[in-house]
Each structure stands twice: as structure tokens, then as C-alpha cells.
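1. give me coordinates for this.
(chains A and B)
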2 protein chains.
Amino acid sequence: MSNPRKVVELFYDVVSPYSWLGFEVLCRYRNVWNLDLRFRPAYLGGVMHLSGNKPPAIVPNKAIYMATDLDRQAKYCNIPLRFPANPFEAMFEKGSLNAMRFVTAVSEKEKVGDSLVEKVSRELWKRIWSADQDITEPASLSEAGLKAGFSASEVEELLKLAKSQQVKDKLKQATAEAMEHQAFGFPLIVCHMDGKPEAFFGSDRFELMAYCIGEKWLGPQPDKPTAKM
Amino acid sequence: MSNPRKVVELFYDVVSPYSWLGFEVLCRYRNVWNLDLRFRPAYLGGVMHLSGNKPPAIVPNKAIYMATDLDRQAKYCNIPLRFPANPFEAMFEKGSLNAMRFVTAVSEKEKVGDSLVEKVSRELWKRIWSADQDITEPASLSEAGLKAGFSASEVEELLKLAKSQQVKDKLKQATAEAMEHQAFGFPLIVCHMDGKPEAFFGSDRFELMAYCIGEKWLGPQPDKPTAKM
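-> Numbering: from 1, shown residues only, chains lettered A, B, ... in the order given. Predicted structure coming up:
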């Protein structure tokens, strides 16, 4: 008898590099753990404000550590994450509100099985957290949308939709739902076990999460024998 | 040809529950990874002050998450960690300066192979983070010292030594050395690889640490087949 699919929600924002690690690892485990993986694009700025949390990088030693830690983790996870030249500007000055509204607009158009939210999110992470490119301007969002497989006219429509009240409200709603799970940052991974949500913060709780959902952790690259434990 | 022993320093404070997890896991891996494990009792209050960091629990959602996370981790690691009834009082009002001076005094008396620092530290963690007992009063430190194997007269001597300038300075020195590795909290685990220190913060980087030092991570209970990955 096969196990039922486990519903797992991933609350994330593309401005968050740890969210990228968590996103890729969960995508790799979707079939391994038979997950019904639900992407929940949300707004990190809202979560920080609502929870009263402050970005880790305001403590200088944390900022130094975070750079080293992300570099090591990215290598270990085989994710091409690289710090932007000016991470402060990229993360805090420019921010991600437009980008997350764009992803939310994509989620309005997504049909079962076309993985468009996944593809657009990855393209945005690749821009800010690998290629050191902007994710705030319409032209930047267009490029990401085209790379994710939308046509030019679909991208135009998405850019318009991203400014609609409907999409603004949907993003607010996702952020509010993250807050209901006591969010204070992203990624926030919520596993629904027997109707009870179990929330895990960060991209460093997968082994513990596996233990909690009755699965086996095989390292961040489950399909590569060299990374298997 | 056997691998050379790897020098690993553990900077910790018994007021820190994540330090306890890190301490026990490193003790379990000492032989598995052939570690020259060096305990570096230090003062978390000093690190927080010097780094400008704030305790995570001042963000209410972080405090809620920390309780859940520690409970799950303790179960998974098989460590009898339980929150004190009043964690705020235990962690912030009472603090750990006396306790860490006592551990530092023990380190002055330790001889190779007698594991007294390890035993006293564990007894103090068991008091504050399992039995909800005080770790600030001389009587509390005495009990921990007796349980760790010291005689009553040795404990008296340690209590005196803990108040000496020599021990105060040694604790300050250990805290300052943690700061040289850009500490902003504990545990801080410093692996000395080919003369280059690699610092890992927290008790959730062991798998990454294994990857960096060329060893295999077998879960937090490496001697129990059920916990093996």
C-alpha cells in the first residue's frame, strides 16, 4: 500500500537566498517523499514588519557568517547561488514587492501541472541571487517571464495583472497565512500531518522534517549517490 | 593510513539550549570522526553584547518557534531537554556568568583524559535545561560539581577559584577568542582544517560540517542504526 501524498506548503520570497535553497531541495524531494508541494509566494517585508523581526545582516558578524554559510551551503546543495555585489541594495533598498506581485500574478494563471510559478520563481532567484541582476523593473520581470515560457503578450498581461487589487490582496493573504503559522522569516515550510500543521523555518531542518513526516533524508541531492548519507 | 585527528573547538555557554544539542552531538562524533574536541566554555552574554546581537526570543514568533523546534530536535537527538517553567527568568534574569566561571575554574584543574569540563557542563545543562533548577547559586554549582565527580573539598576550592581574577580573565579570553571567529551567538564550532579555521554557528550544520571536513554525517545518533541515514 503506498503512502498518501503529504501536503507541504512552502512560503517564500525570491529576495531570500535561504528560501532558494529550501525551494530547490523541496523540488528535488517532491517525488522522493511523494509530496503535494504547494508554492506560497508571499512578501518577506510584510512578515518582518508584522513579526517585529529584523534582518540578520544588521548584526555585522551575522552578515559575515551568512555570506560564508550561504557559499558553503550552495556548493553542498549544488545551487549556483552567488552574492550580489551590493547585497544591502539588492535586499533592502530595492526589495521584492514588485517581484512577488508578479509571481502572484503568475499563480493566478497557473494550471495544474504547468509549473509556471516554480519556473518564474527560479528565474527570479537566478537573476538576483546568481547573476546579480535587477528584479524590480518591468523589463526584468518580463525577461524572467519569457525565460519561464510565457509569450511576450502573456508577459504584458501578467505585468498588468500584477498591479491589480486582486493580486495585491492575494499576496497580502498569503503573507497573512504565513503569519498564522507564526512566521518571522522565510522559507517557512508547513507540513500538514493528519490535519495538524507542523511549521519548519529555514532551509536547515530537512533532516528533522523527514523524521517528523516519517521519511528518510538522503542529503540535499537525493538523486546523486555521492551526496547520499 | 589513518586520518589525522581533526582539531575542533566548541565555544558554548550552558545557558544556551542549542549549545547543549551541539555539545552532545560532537561528543558522540568524537571517535566516529576522530576529533580532537576542545571545549571552550565562554560567556554568551559577552558575545551578545560585543556583537550587538539580540536574543531571538525578543521576537515573540521566534520564541514560539524556538520552543517547538527545541522540543522536536531534543526528541530526534535523544537529549532530555525540557523548557524551564520561566525561560525568560532562567536565561536572561539569572544568566550564566557564575556558572561559566565555575566551568572555567574546572578547566583550570582538568587533566588530560579526565573529562571534568565535559561532565560539569553536562550536569549544569541538565539542571537548567532538563530539571528546571538554578545554576547561579553556590549550592547549585556545588551539586553539579559533586555529580561530576569532584569531592566536597575540591568543590569548595573550585568555588573559590571561580571568583579569582585568573578565572575571570580566562573566561573573558575565551569569549574574546570566540569574537575573533566573528561570533554572534553559541554554539560556535570551529574546525581547524589545514591551519584554516572554518566556523559553524548553531547545532544545525553538522551535515555541512561533515562535508567540509571530509567525513560522513550519520544523523545525531551515529551509534543507533535507526537514526542512520
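2. only C-alpha atoms for contact and neighbour calcs from this point on.
-> Will do.
3. residue closest to the middle of chain A?
-> Centroid check for chain A by Cα atoms, centre = their mean gives A:Tyr12 as the closest residue, at 3.7 Å.
4. from A:Val112, how far off is that residue?
-> A:Tyr12 is 20 Å from A:Val112, where distance means Cα to Cα, to the nearest Å.
5. so which elements touch the longest helix along chain A?
-> Taking DSSP state H as the criterion, chain A has its longest helix at helix A:60-77. Packing partners of helix A:60-77 (3 or more Cα pairs under 8 Å, 6 or more residues apart in numbering or on different chains; DSSP states H and E): helix A:17-32, helix B:206-213.
6. immediately after the helix-or-strand element of chain A with minimal mean pLDDT, which helix or strand?
-> Least confident helix or strand, chain A: helix A:87-88 with a mean of 88, by mean pLDDT, DSSP states H and E. Per DSSP states H and E, helix A:87-88 leads on to helix A:97-109 as the next helix or strand towards the C-terminus.
7. mind listing what's buried in that following helix?
-> Across helix A:97-109, burial judged by 16 or more other Cα atoms under 10 Å in any protein chain shown covers A:Leu97, A:Asn98, A:Ala99, A:Met100, A:Arg101, A:Phe102, A:Val103, A:Thr104, A:Ala105, A:Val106, A:Ser107, A:Glu108.
8. need the next SSE after the helix or strand where A:Glu143 lies, C-terminal direction.
-> Mapping A:Glu143 onto the secondary structure by DSSP H and E places it in helix A:138-147. On the C-terminal side of helix A:138-147, the closest following helix or strand by DSSP H and E is helix A:152-161.
9. could you list the buried residues of that following helix?
-> Buried residues in helix A:152-161, defined by neighbour count with 16+ other Cα under 10 Å: A:Glu154, A:Val155, A:Glu156, A:Leu158, A:Leu159, A:Leu161.
10. and which of those is nearest to chain B?
-> A:Leu161 (32.8 Å; Cα to the nearest Cα).
11. tally of neighbours for A:Glu118?
-> 19 (other Cα atoms under 10 Å in any protein chain shown).
12. what sits up against the helix holding A:Glu143?
-> The contact list for helix A:138-147 (Cα atoms under 8 Å, 6 or more residues apart in numbering or on different chains) reads A:Ala99, A:Phe102, A:Val120, A:Glu123, A:Leu124, A:Asp134, A:Ile135, A:Ala152, A:Val155, A:Glu156, A:Leu159.
13. how close does the first one sit to A:Gln173?
-> Here A:Ala99 is placed at a distance of 16 Å from A:Gln173 (Cα to Cα).
14. same question for the last one.
-> Using Cα to Cα, one obtains 20 Å as the distance from A:Leu159 to A:Gln173.
15. quick revisit: against A:Gly185, how distant is the residue nearest to the centre of chain A?
-> 9 Å.
16. contacting residues around the residue nearest to the centre of chain A?
-> For A:Tyr12, counting by Cα under 8 Å, 6+ apart, the contacting residues are A:Ser19, A:Phe39, A:Arg40, A:Pro41, A:Ala42, A:Tyr43, A:Leu44, A:Phe186, A:Pro187, A:Leu188.
17. of all the residues you listed, which comes closest to chain B?
-> For the contacts of A:Tyr12, the residue nearest chain B by Cα to the nearest Cα is A:Leu188; the value is 11.1 Å.
18. my guess is the closest one contacts A:Phe11. True?
-> Yes: between A:Leu188 and A:Phe11 there is a contact under Cα atoms under 8 Å: 5.1 Å.
19. shared neighbours, the two?
-> Residues within reach of A:Leu188 and of A:Phe11 at once, by Cα under 8 Å, 6+ apart, are A:Ala178.
20. any idea which element A:Met48 lies in?
-> Here A:Met48 is assigned to helix A:44-51, by DSSP H and E.
21. contacts for that helix next, please.
-> With contact meaning Cα under 8 Å, 6+ apart, helix A:44-51 is reached by A:12-13, A:15-16, A:54-55, A:95-97, A:175, A:178-179, A:183-186, B:59-61.
22. mind listing what's buried in that helix?
-> For helix A:44-51, burial by neighbour count (16+ other Cα under 10 Å) applies to A:Leu44, A:Gly45, A:Gly46, A:Val47, A:Met48, A:Ser51.
23. could I get the average pLDDT for that helix?
-> On average, the pLDDT along helix A:44-51 is 98.
24. and it with helix B:60-77, angle?
-> 100 degrees (axes from the mean of the first three to the mean of the last three Cα atoms, to 10 degrees).
25. how far off centre is helix A:44-51?
-> 15 Å (Cα atoms, centre = their mean, to the nearest Å).
26. ok so, going back, any chance of the buried residues of helix A:97-109 in JSON lines, plus distance to chain B and pLDDT?
-> Formatted as JSON lines, the buried residues of helix A:97-109 follow (distance: Cα to the nearest Cα, whole Å; pLDDT from 0 to 100):
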{"residue": "A:Leu97", "distance to chain B": "23", "pLDDT": "98"}
{"residue": "A:Asn98", "distance to chain B": "26", "pLDDT": "98"}
{"residue": "A:Ala99", "distance to chain B": "26", "pLDDT": "98"}
{"residue": "A:Met100", "distance to chain B": "23", "pLDDT": "98"}
{"residue": "A:Arg101", "distance to chain B": "25", "pLDDT": "98"}
{"residue": "A:Phe102", "distance to chain B": "28", "pLDDT": "98"}
{"residue": "A:Val103", "distance to chain B": "26", "pLDDT": "98"}
{"residue": "A:Thr104", "distance to chain B": "25", "pLDDT": "98"}
{"residue": "A:Ala105", "distance to chain B": "29", "pLDDT": "98"}
{"residue": "A:Val106", "distance to chain B": "30", "pLDDT": "98"}
{"residue": "A:Ser107", "distance to chain B": "28", "pLDDT": "98"}
{"residue": "A:Glu108", "distance to chain B": "30", "pLDDT": "96"}
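27. any idea which of those is closest to B:Ile79?
-> A:Met100 (40.7 Å; Cα to Cα).
28. I'd guessed the closest one sits against A:Ser16; true?
-> No: judged on Cα under 8 Å, A:Met100 makes no contact with A:Ser16 at a distance of 11.5 Å.
29. so what sits against both of the two?
-> By Cα under 8 Å, 6+ apart, no residue touches both A:Met100 and A:Ser16.
30. mind picking the two most distant members of the contacts of helix A:138-147?
-> It's A:Asp134 and A:Ala152 that sit farthest apart of the contacts of helix A:138-147, by Cα to Cα, at 19.1 Å.
31. what about chain A, any weak spots by pLDDT?
-> For chain A, applying pLDDT under 70 flags the ranges A:1-3, A:225-229.
32. which residues of it lie near chain B?
-> With Cα under 8 Å from any Cα of the partner chain as the criterion, chain A meets chain B at residues A:51-53, A:59-62, A:64-65, A:69, A:72-73, A:76, A:182-184, A:200, A:204-205, A:208, A:211, A:216-218, A:229.
33. which ChimeraX command selects the buried ones in these?
-> The buried subset of the residues of chain A next to chain B, as determined by 16+ other Cα under 10 Å, is captured in ChimeraX by this line:
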select /A:51,53,61,62,65,69,72,73,76,182,183,184,200,204,205,208,211,216,217,218,229
